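**Q** sequence first, then the predicted structure:
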Number of protein chains: 2
Amino acid sequence: MSRLTLALDVMGGDIGPRITIPASIKALEKDPMLSLLLFGDSQQILPLLQNLPTDIQNRLTVCHCSRVIENTQGLSYALRHSKGTSMRLAIEAVQKGEAQACVSAGNTAALMGLAKIILQPLHGIERPALISVIPTMTGERSVMLDLGANIDCSAENLYQFALMGSIFAEYQLGLVYPRIALLNIGIEEIKGHKSIRDAAQLLKKNTALNYIGFIEGDLLLNGKADVIVNDGFAGNVALKTLEGAAKNVISLVKGNATLNKTNHICKPLLAWLVKKLFLKGSFQRLKQINPDQYNGASLIGLTAVVVKSHGSANIDGFAYAIEDAALQARQEIPQKILAGLDKY
Amino acid sequence: MSRLTLALDVMGGDIGPRITIPASIKALEKDPMLSLLLFGDSQQILPLLQNLPTDIQNRLTVCHCSRVIENTQGLSYALRHSKGTSMRLAIEAVQKGEAQACVSAGNTAALMGLAKIILQPLHGIERPALISVIPTMTGERSVMLDLGANIDCSAENLYQFALMGSIFAEYQLGLVYPRIALLNIGIEEIKGHKSIRDAAQLLKKNTALNYIGFIEGDLLLNGKADVIVNDGFAGNVALKTLEGAAKNVISLVKGNATLNKTNHICKPLLAWLVKKLFLKGSFQRLKQINPDQYNGASLIGLTAVVVKSHGSANIDGFAYAIEDAALQARQEIPQKILAGLDKY
């Protein structure tokens, strides 16, 4: 592993420094070649850095700033008032070459907006996108993009998402010739928006990309495709629906007391969910697993790596986001995409 | 209950008459005021009608036809070659007044296309839609539309969907002043497509409709809204994603042998799914419930009731679709919508 410095916006997220600082320490312990610039309120940060080993201390730099972009701020307000905020300073550190990548759990729209202004999209990329890794039923992982950065997308935008997603999957998931699918409402060629049908034609023409056709919402978790491409509206709706449905089903099965006032109240939902399945078995094996490794999303198509952690991430989750940003920076994903734009 | 005749396309669905005919008999047994016209191949139908009580026999009429619209046919091909098919004849029976509503488990696009041509949209309705009942975590039910009939929708289309959905929810779910939400990728006013934001303005202006704002994909099952309104693309993606996620989670929990080759292979997916939940408990209560009552969707905004059963529905599922069509016809949902168009 090579030496690497990351810039962290430690004020973002639902909890802020009490999550992001312990996560930073954890990431430094795990990766001895990593250094971190911590942008945020030193009054909140310093008490959390007591009694650290010298080796960790030496790789931590607190960059004090008192201003923060709030999650509730609209994009244009946030951008206009971003000067001197922890998020903007962290991104600027990457732009100045003081750090090689940036991590924040803050306002997603502001992060994308500032990153586009300060770090700029890669030459040739019209629209940077939000990409996330999702697990599959077959035990593999897929990537999905765009997840909300671009509401309306042209066929060319979708084509570029496919290209970026393919390169991301190649390096991050270690796949050769990743299978690319476009999210649609049917698998027949005539289905869906014109932009999707046209993107399919563009993808088919390029044999360097492994385009396999359309995919429907019910197969998103089934490992049929390694790269799932959609506009930011459909992607955001699909991912949130996935997460919500999974959470609800699990909560129902668990018999969550807050929702499940009586035994019969959730029957209609269960009835609908189990359509053709009868359930048996127990959940012992769930206790061994680590959900934190699926935290947040990456901004892709920019000149540098920017990782967006979930606002609700816990310490392990935010530490994983740091680790993820370090991996992407070391793999030089932006440079790989730039090279891919010429190649494909 | 009043006397009622329904026209059934008994050739539609994955299995055809071996499902639809026993389902028809079941529906007739349950509803003594119901009569059915069965459109399909009499060679396949008649052997399934042996030894029926006279009362049931008397309320069944087999209307022989040898032609069928296949599920694989594209819309324009299906419409051009629809003459004399079981689906078209069933719809025509409603148009001629021989039946009051129609049920099919066949090709959805063809069913909507033929119904629009033969039965016509209600005066004032620009775009009929596909609507379905979905269960919620709170034990109530919501309705969601459009589910795929209209890919691109204007603000006015979405507004009309909200109006139709509200009337549908009022009568079908027995709700007073149903809460209407627009599916979007955030709850702030500035989020999403212009058509959605404009639809929100139209809905806000009309105090006869109980518009409550935007809803995101993760809360679709949470009972926050009674009527969830979206264009057909987003709706189809969301509903299929819901169904797929639920099925996959349940299958994982069950430890489905075909997917779960080893104990650890699905760990990443489970890890992602259980994020903040620990699971315990068993599934005994699932054994008492009946999933068939959430079968298919209704075409709404036409001059008569048309119900689309799932292609994979079993006997109980198709019988429920018949029962549902009978209820909607007796409640005169189309007439209620027509009156609502003037009122709101």
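**A** Yes, it's here. Numbering: from 1, shown residues only, chains lettered A, B, ... in the order given.

**Q** for stretch A:146-165, measure first residue to last.
**A** 9 Å (C-alpha to C-alpha, to the nearest Å).

**Q** what comes up buried for it?
**A** A:146-151, A:153-155, A:157-165 (16 or more other C-beta atoms under 10 Å in any protein chain shown). C-beta coordinates here come from the backbone N, C-alpha and C atoms, glycine included.

**Q** now check it, is it near chain B?
**A** Yes - for stretch A:146-165 and chain B, the contact criterion (C-beta under 8 Å from any C-beta of the partner chain) is met by A:Gly148, A:Ile151, A:Asp152.

**Q** which helices and strands sit right next to the helix or strand A:Leu114 falls within?
**A** According to DSSP states H and E, A:Leu114 maps onto helix A:108-118. The contact analysis (3 or more C-beta pairs under 8 Å, 6 or more residues apart in numbering or on different chains; DSSP states H and E) places helix A:108-118 against helix A:75-80, helix A:86-95, strand A:297-300, strand A:305-308.

**Q** ok, which of these comes nearest B:Val237?
**A** Of all the helices and strands packed on helix A:108-118, it is strand A:297-300 that lies closest to B:Val237, at 18.4 Å by C-beta to C-beta.

**Q** which other helices and strands contact the closest one?
**A** helix A:108-118, strand A:129-135, helix A:155-172, strand A:305-308, helix A:315-330.

**Q** what's the local residue count around A:Asp218?
**A** Neighbourhood size, A:Asp218 [other C-beta atoms under 10 Å in any protein chain shown]: 18.

**Q** residue contacts, it?
**A** Shown in contact with A:Asp218 (C-beta atoms under 8 Å, 6 or more residues apart in numbering or on different chains): B:Lys240, B:Thr241, B:Glu243, B:Gly244, B:Lys247.

**Q** may I ask which of the residues you listed comes out lowest in pLDDT?
**A** Among the contacts of A:Asp218, B:Lys247 has the lowest pLDDT, at 76.

**Q** host element of that one?
**A** Here B:Lys247 is assigned to helix B:232-254, by DSSP H and E.

**Q** to the chain's geometric centre, what's the distance from that helix?
**A** 16 Å (C-alpha atoms, centre = their mean, to the nearest Å).

**Q** dump the helix holding A:Leu114 to PDB, keeping only the CA atoms.
**A** Written as PDB, here are the backbone C-alpha positions of helix A:108-118 (Å, rounded to 0.1, in the frame of the first residue of the first chain):
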ATOM      1  CA  THR A 108     -25.500  14.800  -0.500                       C
ATOM      2  CA  ALA A 109     -26.600  17.500  -3.000                       C
ATOM      3  CA  ALA A 110     -24.200  20.000  -1.500                       C
ATOM      4  CA  LEU A 111     -21.300  17.500  -1.600                       C
ATOM      5  CA  MET A 112     -22.000  16.700  -5.300                       C
ATOM      6  CA  GLY A 113     -22.500  20.400  -6.100                       C
ATOM      7  CA  LEU A 114     -19.300  21.600  -4.400                       C
ATOM      8  CA  ALA A 115     -17.300  18.700  -5.800                       C
ATOM      9  CA  LYS A 116     -18.400  19.500  -9.300                       C
ATOM     10  CA  ILE A 117     -17.400  23.100  -8.900                       C
ATOM     11  CA  ILE A 118     -14.200  22.600  -7.100                       C
END
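
**Q** isn't A:Ile322 up against A:Glu29?
**A** No - using C-beta atoms under 8 Å as the test, A:Ile322 is too far from A:Glu29 to be in contact (11.3 Å).

**Q** quick one, which of the two is more surrounded?
**A** A:Ile322 (25 against 14).

**Q** OK, contacts around the nearest residue to the more buried one once chain neighbours are set aside?
**A** Nearest non-adjacent residue to A:Ile322, counting by C-beta to C-beta, 6 or more residues apart in numbering or on different chains: A:Ala27, 4.1 Å away. Applying C-beta under 8 Å, 6+ apart to A:Ala27 gives the contacts A:Leu34, A:Leu36, A:Ala319, A:Ile322, A:Glu323, A:Ala326.

**Q** which residue is nearest the centroid of chain A?
**A** A:Ala297 (0.6 Å; C-alpha atoms, centre = their mean).

**Q** state the distance from it to chain B.
**A** 13 Å (C-beta to the nearest C-beta, to the nearest Å).

**Q** over to A:Pro121?
**A** Distance from A:Pro121 to chain B, by C-beta to the nearest C-beta: 21 Å.
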